[in-house]
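Asks: based on what follows, work out the 3D shape:
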Amino acid sequence: MSFSNLSSFLSFIEKRGDLHRIKAEVDPILEITEIATRVVKNDGPAILFENVKGSTYPAVINLLGAKRRVEWALGRPSQEVGEELAHFSEVLMHPSLSKFWQARRSVSRLLSLKPKKVSRAPFTAHEIHPVGLGKLPIAKSWPKDAGRFITFPLVITKSPASGRYNMGVYRLQVFGEDQTGMHWQIGKGGGYHYFEAEKKGENLEVSVAVGADPILMLCGVLPLPEGVEETAVAGFLRGEATRLAQVGKGGLLVPAEAEFVLQGVVPPLERRSEGPYGDHFGHYSHQADFPVFHVKKIYHRSRPVFPLAVVGKPPQEDNFIGEAATEILLPLLKLMHPEIADLWAYPAAGFHNLVVASVRQRFRKEGIKTALWILGEGQLALSKCVILVDEFVNPRNFSDVLKAVRMNFKPEDDFTLLPGTSQDTLDFTSFKMNLGSKMILDATSIGEKNSRSAGGRFDPEALQKLDSRIREVNLWSESMAVLRVDGPGRNVLEKVVKSGVFSGIPLAAAVSADVPLNNESLMLWGIFTRFDCRRDTLFTEVSWHGDHPKYSGTMGIDATWKPGYPEPLEMTKEIVAKVDRRWKEYGFAS
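Replies: Model (predicted):
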């Protein structure tokens with residue numbers, strides 16, 4: 001079944017016991033975050049806050065924070081959605097009557113690609129006048145956030161050049177009753193539209209839908225190719241055209257079933273300091289200048305619900321949304337690149353920081369071609385570390401990936417460093433916004449490789465004698481030694497890697513004391529969000545051959561926290577104690 005709006009989806013999940021209502025008054029300043037992060041870690045329900053302090057509107061959080069709710073939203077598993085998209089694309093590439101008949105269900109969905117314009121929309125029922133963002137249940141997620149942020153907005157823009165629409169999810173920091181920041185990161189469609197408008201010295205008209213049917217909300221997150229409109233994809237997936245309505249006379253077309261609609265403009269050449277904000281890398285993103293959204297009108301439907309989202313250290317709701325996005329788009333990527341058997345962007349590492357691809361190689365180093373494509377394709381181009389494994393290796397299981405690295409990764413032949421590249425806006429490790437470096441580790445088996453069949457090993461006593469700052473060591477799949485150290489880690493790691501204490505261990509990483517070594521997700525988070533490829537990788541030996549370096553031995557990664565890095569996200573003790581005290585009051589079992 002498909003859902004026409006947010007309320008129909010909420011009714012559906014409530015009937016299945018997967019919506020928890022909290023009637024007690026809850027503060028949107030930090031308290032909501034602490035409740036939500038506990039619930040998502042326990043695979044809990046969506047949460048409807050009926051009484052948000054300071055607002056007359058209810059709010060919902062953790063809406064898509066479980067695989068089952070994502071599948072309910074899509075009407076089927078995300079893998080099936082991706083397979084249908086790929087199959088239909090293949091039919092269009094190689095058409096025949098028999099193939100069209102087999103894909104007749106998908107063909108019928110073509111009629112839903114074009115959005116349906118309607119003259120009346122539920123969101124026009126009420127207008128907040130005068131404009132007042134303070135009336136909305138907008139939350140502050142983390143203690144050192146710069147303020148309140150709208151965290152699940154569908155930001156709608158139209159290209160001044162092509163007239164095509166884009167709808168993306170970009171955080172909006174509330175500056176006042178009628179102004180917010182507009183956090184357009186690099187590589188985002190709305191940012192491209194603003195670039196076009198700013199070159200002409202024109203305002204860019206912007207509308208923001210907060211709350212919509214769940215498929216449309218998911219499509220706002222999908223990293224679709226530039227120029228592909230999210231409302232069309234949503235119509236195809238839903239099997240029913242997206243209903244759009246105009247905001248005012250001559251305004252943008254927005255989802256007719258939106259809960260709230262903010263209408264306004266982003267002027268050229270205007271910037272304002274935005275952030276810090278606790279983002280999905282599990283740290284506070286740095287304060288920086290971004291464009292400003294001037295809100296002219298706020299509309300809402302009768303009895304609206306305001307969606308919220310929290311991101312931070314894994315797991316969070318965005319993990320499940322990101323996994324679904326990968327599953328939906330992966331079959332299309334495999335259609336374009338048939339050598340790809342599977343591909344996985346690790347949610348625990350912030351997605352872009354670690355991508356593993358299993359490939360079928362038909363000639364030596366074909367995998368490198370695939371990796372370079374990944375590093376140049378759409379939002380995949382923001383990936384920092386790409387690891388290649390054979391087609392029979394499961395790229396979604398990091399232990400299996402590490403075993404492939406142990407067997408096949410030989411630094412002198414299989415390590416590629418790309419310095420001086422563009423980087424995810426949220427990546428802070430290079431100390432230069434939007435700039436950084438990338439690396440490729442080829443752990444495929446074609447050609448001559450090390451073929452280390454035995455597991456790696458080390459002498460714990462010898463390791464401890466090397467440096468007393470080493471607090472704990474975890475040997476992961478006999479392939480990666482993770483050292484938990486006090487203070488800066490480079491000197492410790494360099495000493496260990498060059499000592500030869502590791503036998504048959506291809507990788508070693510130093511992490512800070514706040515990273516637990518008994519939790520796989522947090523280990524991945526602690527390693528891959530905290531190192532710059534160019535600055536923080538080292539090897540047992542490095543020699544120069546002409547104009548290029550030759551690496552050998554164990555590869556070390558200094559992933560310790562460094563001065564100048566933003567702080568990791570932690571909730572205040574007072575809020576933790578408050579939520580502990582009120583837990584039964586929220587209606588949860590102890």
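
Asks: can you give me the strands for the stretch 51-200 of the chain?
Replies: With DSSP state E, counting those that start in this stretch as the criterion, the stretch 51-200 of the chain has strands at 59-61, 116-117, 126-127, 149-150, 153-158, 165-168, 172-173, 179-181.

Asks: let's have those in a markdown table, adding mean neighbour count, mean pLDDT and distance to Gly376.
Replies: Using the backbone N, CA and C atoms, a C-beta is placed for each residue, glycine as well. Converted to a markdown table, the strands of the stretch 51-200 of the chain look like this (neighbours: other C-beta atoms under 10 Å; pLDDT from 0 to 100; distance: least, C-beta to C-beta, whole Å):
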| stretch | mean neighbour count | mean pLDDT | distance to Gly376 |
| --- | --- | --- | --- |
| strand 59-61 | 24 | 98 | 36 |
| strand 116-117 | 13 | 94 | 36 |
| strand 126-127 | 14 | 96 | 45 |
| strand 149-150 | 26 | 98 | 31 |
| strand 153-158 | 26 | 97 | 25 |
| strand 165-168 | 24 | 95 | 21 |
| strand 172-173 | 25 | 98 | 30 |
| strand 179-181 | 25 | 98 | 29 |
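
Asks: and of those, who's closest to Pro255?
Replies: strand 153-158 (7.1 Å; C-beta to C-beta).

Asks: against Ser159, how distant is the nearest residue to Arg164 once chain neighbours are set aside?
Replies: Closest residue in space to Arg164, ignoring its immediate chain neighbours: Gly227 at 5.6 Å, by C-beta to C-beta, 6 or more residues apart in numbering. Applying C-beta to C-beta, to the nearest Å, the value for Gly227 to Ser159 is 8 Å.

Asks: which of the two has more neighbours?
Replies: Set Gly227 next to Ser159 and count neighbours by other C-beta atoms under 10 Å: Ser159 wins out with 19 against 12.

Asks: that one and Glu196 touch, don't they?
Replies: Yes - at 6.2 Å, Ser159 counts as touching Glu196 under the criterion of C-beta atoms under 8 Å.

Asks: chain center to the biggest helix by length in the chain: distance?
Replies: Counting by DSSP state H, the longest helix found in the chain is helix 317-336. Put simply, helix 317-336 sits 11 Å off its chain's centre (C-alpha atoms, centre = their mean, to the nearest Å).

Asks: ranges for the strands of the stretch 401-550 of the chain?
Replies: Under DSSP E, counting those that start in this stretch, the stretch 401-550 of the chain gives strands at 415-422, 435-443, 470-476, 480-485, 507-511, 537-545, 548-559.

Asks: make CSV out of those strands and add distance to Val292 and mean pLDDT.
Replies: Formatted as CSV, the strands of the stretch 401-550 of the chain follow (distance: least, C-beta to C-beta, whole Å; pLDDT from 0 to 100):
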stretch, distance to Val292, mean pLDDT
strand 415-422, 24, 94
strand 435-443, 24, 97
strand 470-476, 46, 92
strand 480-485, 43, 95
strand 507-511, 38, 96
strand 537-545, 39, 91
strand 548-559, 36, 93
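
Asks: nearest to Ala86, of these?
Replies: strand 435-443 (25.7 Å).

Asks: give the pairing partners of the closest one; include direction for each.
Replies: strand 385-390 (parallel), strand 415-422 (antiparallel) (DSSP bridges).

Asks: report the mean confidence score over the first one.
Replies: Summarised as a single mean, pLDDT over strand 385-390 is 98.

Asks: show me where the stretch 201-350 of the chain has helices.
Replies: 214-221, 230-238, 317-336 (DSSP state H, counting those that start in this stretch).

Asks: what's the most buried one of those?
Replies: Most buried of the helices of the stretch 201-350 of the chain by mean neighbour count (mean count of other C-beta atoms under 10 Å) is helix 214-221; its value is a mean of 25.

Asks: pLDDT at Ser89, what is it?
Replies: 67.

Asks: okay, the strands of the stretch 401-550 of the chain, which one's buried deepest?
Replies: strand 507-511 (a mean of 26).

Asks: what does that one rub up against?
Replies: By C-beta atoms under 8 Å, 6 or more residues apart in numbering, the residues outside strand 507-511 that reach it are 402, 405, 409, 479-485, 489-490, 492-493, 496-497, 502, 517, 523, 526-527, 530, 554-560.

Asks: how far off strand 470-476 does that strand point, in degrees?
Replies: 140 degrees (axes from the mean of the first three to the mean of the last three C-alpha atoms, to 10 degrees).

Asks: show me the contacts for the residue nearest to Asp467 when sequence neighbours are not counted.
Replies: Of all residues not flanking Asp467 in the chain, Val492 sits nearest, at 4.8 Å (C-beta to C-beta, 6+ apart). Counting by C-beta under 8 Å, 6+ apart, Val492 touches Asp467, Arg469, Ile470, Leu483, Val485, Ala510.

Asks: pick out whichever of those sits closest to Pro143.
Replies: Val485 (26.5 Å).

Asks: can you give me the distance of that closest one to Val511?
Replies: Taking C-beta to C-beta as the measure, Val485 falls 7 Å from Val511.

Asks: okay, the helices of the stretch 201-350 of the chain in TSV with mean pLDDT and distance to Gly147 next?
Replies: What follows is these, written out as TSV (pLDDT from 0 to 100; distance: least, C-beta to C-beta, whole Å):
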stretch	mean pLDDT	distance to Gly147
helix 214-221	95	23
helix 230-238	90	28
helix 317-336	91	21
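
Asks: one step back: so which of the strands paired with strand 435-443 gets nearest Pro153?
Replies: Of the strands paired with strand 435-443, nearest to Pro153 by C-beta to C-beta is strand 415-422, at 24.8 Å.

Asks: next, the contact list for the closest residue in space to Gln379 that isn't next to it in sequence, please.
Replies: What sits nearest to Gln379 in space, not counting adjacent residues and going by C-beta to C-beta, 6+ apart, is Pro223, at 3.8 Å. Neighbour list for Pro223: Ala325, Leu329, Gly378, Gln379, Leu380 [criterion: C-beta under 8 Å, 6+ apart].

Asks: try 7 Å
Replies: When contacts are counted by C-beta atoms under 7 Å, 6 or more residues apart in numbering, Pro223 touches Ala325, Gly378, Gln379.

Asks: equivalent analysis for Cys533, please.
Replies: Lys384, Cys385, Leu417, Ser437, Lys438, Met439.

Asks: burial count for Met182?
Replies: Count around Met182 with other C-beta under 10 Å applied: 28.

Asks: just the pLDDT for it.
Replies: pLDDT at Met182 comes out at 98.

Asks: right, and it touches His294 too?
Replies: No - contact between Met182 and His294 fails when scored by C-beta atoms under 7 Å: they sit 9.9 Å apart.

Asks: correct me, but Ala481 touches Gly504?
Replies: No - counting by C-beta under 7 Å, Ala481 sits too far from Gly504 to count as a contact (10.9 Å).
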